[in-house]
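Chemist: sequence unknown, structure follows:
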């Protein structure tokens with residue numbers, strides 16, 4: 001059975017039943033292995049806009065005059 005096969009049935013569910021389905025699927029995913037790509041307690045560094053002077057001005061100019 002594929003997702004396209006069951007989508008019409010899912011769309012007919014009530015809002016409460018859809019929420020229950022979401023919870024059930026989330027719990028099932030949580031129990032499966034290797035679903036979370038990050039390691040617990042490990043520090044992951046990601047770039048931030050701090051100390052990137054001029055970036056805000058460039059964004060404002062782009063929003064005002066998109067090319």
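Modeler: Sure, I can see it. All figures in this text were calculated on a predicted structure; none of them were measured in a lab.
Chemist: measure residue 63 to residue 39 for me?
Modeler: Residue 63 is 38 Å from residue 39, where distance means C-beta to C-beta, to the nearest Å. No exception for glycine: its C-beta is placed from N, CA and C like everyone else's.
Chemist: again but with residue 60, I slipped
Modeler: Distance of residue 60 to residue 39, given as C-beta to C-beta: 38 Å.
Chemist: now residue 4
Modeler: Residue 4 is 35 Å from residue 39, by C-beta to C-beta.
Chemist: let's verify the nearest residue to residue 18 once chain neighbours are set aside: helix, strand, or coil?
Modeler: For residue 18, ignoring the flanking residues on the chain, the nearest one in space by C-beta to C-beta, 6 or more residues apart in numbering is residue 10 at 7.1 Å. Under DSSP: H, G, I helix; E, B strand; the rest coil, residue 10 falls in the helix class.
Chemist: so residue 10 is in contact with residue 20, correct?
Modeler: No - when contacts are counted by C-beta atoms under 8 Å, residue 10 is not listed as touching residue 20 (11.6 Å).
Chemist: give me the below-cutoff pLDDT ranges for this structure.
Modeler: The chain contains residues with pLDDT under 70 at 33-36, 67.
Chemist: rerun at 80
Modeler: Within the chain, the stretches with pLDDT under 80 are 30-40, 47-53, 56, 66-67.
Chemist: residue boundaries of the helices in it?
Modeler: Counting by DSSP state H, the chain has helices at residues 3-11, 15-31, 55-64.
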